[in-house]
Each structure stands twice: as structure tokens, then as C-alpha cells.
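Chemist: I would like to see how this sequence folds:
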Amino acid sequence: MLSVDLLAVAVLAVSFGGLRTTADDWIRLGILALGSAIHIEAGREIERLRWAAAEGATYVNLKSMWIFAGVLILSPPLAIAIIAFSSLHSWFRLRRIAPHRSFFSAATLVLASGAAWMCVNTINPSSHPGYAGGLIGLVAVVAAAASYWFVNFTLVVGAVSLSNPDSSVGKVLGRPGDQIIVAAELGLGIATAVLLSTQPWLTLVALSTVLGLHRSLLVGQFQFAARTDQHTGLANGVFWHEIAAKELDRARNGNTPLGVLYLDLDHFKAINDTYGHLAGDQVLKAAADELKHEIRTDDLVGRLGGEEFAILLPNTTDDETEQAAERIRRRIAALTTVVLTAQGLTTVDSLTCSIGAAAYPTAGSTLDELLLAADTATYAAKNAGRNCVVTAPVCSR
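Modeler: Residues are numbered from 1 along each chain as shown. This next block holds a predicted model:
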């Protein structure tokens with residue numbers, strides 16, 4: 001972090017070489033600062049929630065729209081002034097994190113801006129600061145945007161990885177959809193730079209677009225939270241039932257088979273009683289990860305509650321449903337999990353599961369019938385000695 005900070009200071013120092021400003025530059029600086037301030041204030045409550053939820057992962061916000069516009073249309077020192085203003089405003093009004101973290105975040109933006117300046121000045125040196133237009137201008141700004149994104153993303157991911165070594169790769173990198181948001185904000189930054197070079201005051205009109213985009217970020221985050229089990233990352237019971245009902249309708253309309261598995265971890269209470277609930281949560285997460293790795297792309301696994309899981313298998317015959325259940329049973333039986341207990345790290349390697357399998361249309365024609373058949377088969381598997389698969393019988397109608 002210190003190396004990045006020092007390099008950013010060096011970029012700032014070099015940027016003052018040959019500085020020339022005009023009255024228009026100061027007007028553009030003021031418009032960008034005003035737009036950034038209105039944006040931060042209007043989305044303050046949204047950003048607080050998103051910032052808290054992103055701890056330990058990369059965090060995507062939309063303030064780079066104003067920064068990247070400044071990179072294209074202003075001389076480097078004035079563009080860095082926008083970074084400083086936006087960072088300080090965010091620190092005072094959104095969340096007062098440790099100063100060294102805030103400074104590092106601003107430093108990554110300075111270095112990303114430096115990479116963007118190098119691209120523009122290499123491809124179309126006579127156009128900066130400003131937007132020259134034409135094919136060369138387009139190539140220059142696209143290359144600058146790509147460089148800006150790559151440098152900032154790489155530095156942030158590196159810092160998050162080093163400061164949160166226990167985080168998974170997926171969490172550190174963030175959701176793929178977040179990078180679409182980054183592309184959108186950089187595109188808005190280019191559009192803002194064009195407006196600044198022609199009709200500066202129309203730039204504030206872009207606020208309506210960015211605020212609408214901003215609000216959609218939180219909507220997506222709430223939707224994800226509403227559909228996901230917080231302990232395992234699987235679909236929760238409500239979302240699983242919703243998708244299962246739709247898949248059953250699709251199977252009925254297309255005259256295709258469908259399988260449902262109910263899975264119950266055997267003697268799971270003993271794990272909680274022996275090692276503690278924290279260890280039990282770790283075992284649950286490990287079992288959920290095994291289920292996600294075993295199923296196909298079109299399948300859906302959900303946690304119904306406690307140590308019970310449901311697996312939806314579209315386009316799966318009776319025999320394929322039973323085979324899938326057996327593969328999952330073997331995978332869980334082979335699972336070894338290292339958990340943290342009051343006595344230190346301990347290995348749990350005695351986990352097994354009982355699975356009930358039901359297939360459409362042989363075991364039932366409605367979702368309730370299938371779920372009842374799978375649940376009944378699970379109880380039969382437990383009564384048969386556990387660690388086995390029981391298939392629901394053909395439903396008599």
C-alpha cells in the first residue's frame with residue numbers, strides 16, 4: 001500500500017510540469033465537482049449499505065464517472081483534484097474508514113488515471129486534454145478506459161487479497177456483473193467529457209441517468225440477499241420452491257422428466273454438540289460447496305433449513321435422478337472438513353447423508369406430491385440405517 005501511495009505522489013508531482021489552465025478549465029472542474037457532490041449526497045444511504053456489504057471484497061461505486069471525465073477533459077493536476085475532492089467528500093459523508101485505506105483508494109485512482117493519460121497521449125497526443133472525436137479519438141478513449149479499469153481493478157484486488165487472505169477468489173474478484181457497471185460508468189464518463197467540451201452545463205443532466213443506475217445496484221443486491229441462504233450461499237427455501245414450480249410447469253408443458261432430491265445430513269446435531277455451532281456452520285458450508293460442485297449448470301440446490309437441502313434436476317429421468325443421488329451421497333461421505341473449535345483446529349471426516357429421490361411424473365404430478373414423496377423417501381433412508389439413497393415408489397393415481 002505504501003508503494004502505491006508513493007508512486008501516486010510521484011505521478012502528482014510530475015503532472016505539474018508544463019501546467020496551463022484557462023477559465024474554461026476551471027468551469028469544467030467546478031461542474032465535475034458539483035456533479036460528483038450531488039451524486040454522493042443523493043446516493044449516500046445506498047452507498048452506506050453497499051459499502052458495509054462489500055467488506056472483504058472489491059467494491060464498485062459510480063464516482064469514476066466524474067473522475068474519468070476529468071481525466072479526458074482536464075489537465076492532470078485538475079483531474080487529480082477531482083479525485084481528491086471526491087475521496088474526501090466520500091470519507092466525510094459516507095464512511096470514515098481508516099485514513100490509510102482511504103488514501104490508498106485515492107492513490108489507485110491516480111495511478112489508473114496516469115495509465116489512461118499515457119494511452120491518450122500515445123495514440124492521439126494532440127487531443128489531450130479534450131476529446132478530438134473521430135476513429136482515432138474513439139480508439140484513444142476506449143484504450144484509456146481499459147487501462148484505467150485494469151490498473152484500478154488489479155491494485156484493489158491485490159490489496160483486498162493481502163488484507164483478507166481467508167476470502168475466496170470469487171468474493172475478492174466480486175460478481176461479474178459488477179464489471180458491467182464499471183464499463184457503464186466509464187462510458188458515462190466519456191459522454192460527460194464530450195458534453196463538457198461542447199455544452200458544459202448539460203453535463204448535470206447526466207445525473208438523472210447515473211442516479212437511476214446507482215439505485216439499481218442496491219435493488220440487485222437486495223434481490224440476491226432475498227434469494228440466498230446466508231450461511232451456505234445456496235438458494236434459500238422460498239427461492240428454491242419458486243424455481244422448482246416454474247421448472248415443473250416447463251417439464252409438464254414440454255413432456256420432459258424432472259427429478260427432486262431431499263438430503264438430510266446424518267447426526268448433524270452431534271457435530272454441533274461436540275464441536276460447537278461455529279464448527280457446525282463450517283461443516284454446513286463445506287457440504288453446500290460439495291453439492292454445488294456435483295450438480296450441473298441447470299440444476300438448483302437450496303437449503304431448506306437446518307441440515308436439510310433440496311436439489312432440483314430438470315430434464316432428468318428416474319434412473320438419472322437415482323444415479324445423481326448416489327454420486328452426491330458418495331461425495332458427502334468422502335468429505336473431510338477442518339473446523340475451528342475451542343480446542344483449536346479439528347478434522348471432521350465422519351459426515352454422511354440420507355437422500356430421498358422423487359421423479360416427475362412417476363412419483364407425482366404436482367410439486368407438493370413430489371416434495372412429499374422425496375421427504376417420505378428421506379425418512380425411509382434414515383430408518384434404513386442412514387447414509388443411503390431411497391427412491392420414492394411410483395405414484396398410484
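Chemist: Can you give me the neighbour number for the residue lying closest to residue 91 once chain neighbours are set aside?
Modeler: Leaving aside its sequence neighbours, residue 91 sits nearest to residue 102 (CB to CB, 6 or more residues apart in numbering; 5.0 Å). C-beta here means a position set from N, CA and C on the backbone, and glycine is covered the same way. Residues near residue 102, counting by other CB atoms under 10 Å, number 16.
Chemist: Residue 390 contacts residue 363, correct?
Modeler: No. Under the criterion of CB atoms under 8 Å, residue 390 is not in contact with residue 363, lying 11.6 Å apart.
Chemist: Okay, buried residues for the helix or strand where residue 253 lies please.
Modeler: Per DSSP states H and E: residue 253 is located in helix 237-254. If you call a residue buried by 16 or more other CB atoms under 10 Å, then helix 237-254 has these buried ones: 239-241, 244, 247-248, 251.
Chemist: Just confirm residue 303 is within a helix.
Modeler: No. Secondary structure of residue 303 (DSSP: H, G, I helix; E, B strand; the rest coil): strand, not part of a helix.
Chemist: List the residues that contact residue 105.
Modeler: 87, 156 (CB atoms under 8 Å, 6 or more residues apart in numbering).
Chemist: Give me the pLDDT value at it.
Modeler: Here, the pLDDT recorded for residue 105 equals 87.
Chemist: And it, how far from residue 3?
Modeler: The spacing between residue 105 and residue 3, counted by CB to CB, to the nearest Å, is 15 Å.
Chemist: How about residue 96?
Modeler: Counting by CB to CB - residue 96 and residue 3 are separated by 25 Å.
Chemist: ok, now residue 101?
Modeler: For residue 101, the distance to residue 3 equals 15 Å [CB to CB].
Chemist: Compare neighbour counts for the two and give me the winner.
Modeler: Taking neighbours as other CB under 10 Å, residue 101 and residue 3 compare with residue 101 leading, 13 against 8.
Chemist: So what's the gap between the helix or strand where that one lies and the chain middle?
Modeler: In this assignment (DSSP H and E), residue 101 forms part of helix 99-123. Distance of helix 99-123 from its chain centroid, counting by CA atoms, centre = their mean, to the nearest Å, is 24 Å.
Chemist: thinking again about what came up before, please export the C-alpha coordinates of the helix holding residue 253 as CSV.
Modeler: Output in CSV follows, covering the C-alpha atoms of helix 237-254 (Å, rounded to 0.1, in the frame of the first residue of the first chain):
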residue,chain,number,x,y,z
GLY,A,237,-36.2,-22.3,0.6
VAL,A,238,-38.5,-19.7,-0.8
PHE,A,239,-36.5,-19.1,-4.0
TRP,A,240,-35.9,-22.8,-4.5
HIS,A,241,-39.6,-23.5,-4.3
GLU,A,242,-40.3,-20.7,-6.7
ILE,A,243,-37.8,-22.0,-9.3
ALA,A,244,-39.0,-25.6,-8.8
ALA,A,245,-42.6,-24.7,-9.5
LYS,A,246,-41.5,-22.9,-12.8
GLU,A,247,-39.3,-25.9,-13.8
LEU,A,248,-42.2,-28.3,-13.2
ASP,A,249,-44.5,-26.2,-15.3
ARG,A,250,-41.9,-26.3,-18.1
ALA,A,251,-41.5,-30.1,-17.7
ARG,A,252,-45.2,-30.5,-17.9
ASN,A,253,-45.6,-28.4,-20.9
GLY,A,254,-42.7,-30.0,-22.7
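Chemist: other SSEs contacting that helix?
Modeler: helix 206-227, strand 258-265, strand 300-305, strand 308-314, strand 353-360, helix 367-383 (3 or more CB pairs under 8 Å, 6 or more residues apart in numbering; DSSP states H and E).
Chemist: what's the angle between it and strand 258-265?
Modeler: Interaxial angle of helix 237-254 relative to strand 258-265 (axes from the mean of the first three to the mean of the last three CA atoms, to 10 degrees): 150 degrees.
Chemist: I would like the residues contacting helix 237-254, please.
Modeler: In contact with helix 237-254 (CB under 8 Å, 6+ apart) are residues 226-228, 235, 256-258, 260, 300-305, 310, 312, 314-315, 360, 365-367, 370.
Chemist: do the same with stretch 271-286
Modeler: Against stretch 271-286 from outside (CB under 8 Å, 6+ apart): 231-233, 265, 268, 303, 307, 335, 337, 339-342, 346, 348, 351.
Chemist: make it 10 Å
Modeler: By CB atoms under 10 Å, 6 or more residues apart in numbering, the residues outside stretch 271-286 that reach it are 229, 231-234, 265, 267-270, 303, 306-307, 309, 332, 335-343, 345-346, 348, 350-351.
Chemist: now those: which count as buried?
Modeler: For those, buried by 16+ other CB under 10 Å: 229, 232, 234, 265, 268, 303, 307, 309, 332, 335, 337, 339, 348, 351.
Chemist: Next step: those residues restricted to helices.
Modeler: Judged by DSSP state H, those include 268, 332 as members of helices.
Chemist: The helix or strand hosting residue 192 packs against which elements?
Modeler: Assigned by DSSP H and E, residue 192 belongs to helix 176-198. Under the contact definition 3 or more CB pairs under 10 Å, 6 or more residues apart in numbering; DSSP states H and E, helix 176-198 sits against helix 23-42, helix 64-73, helix 134-163, helix 206-227.
Chemist: Buried residues, it. List them.
Modeler: Counting neighbours by 16+ other CB under 10 Å, the buried set in helix 176-198 is 178, 181-182, 185-186, 188-190, 192-197.
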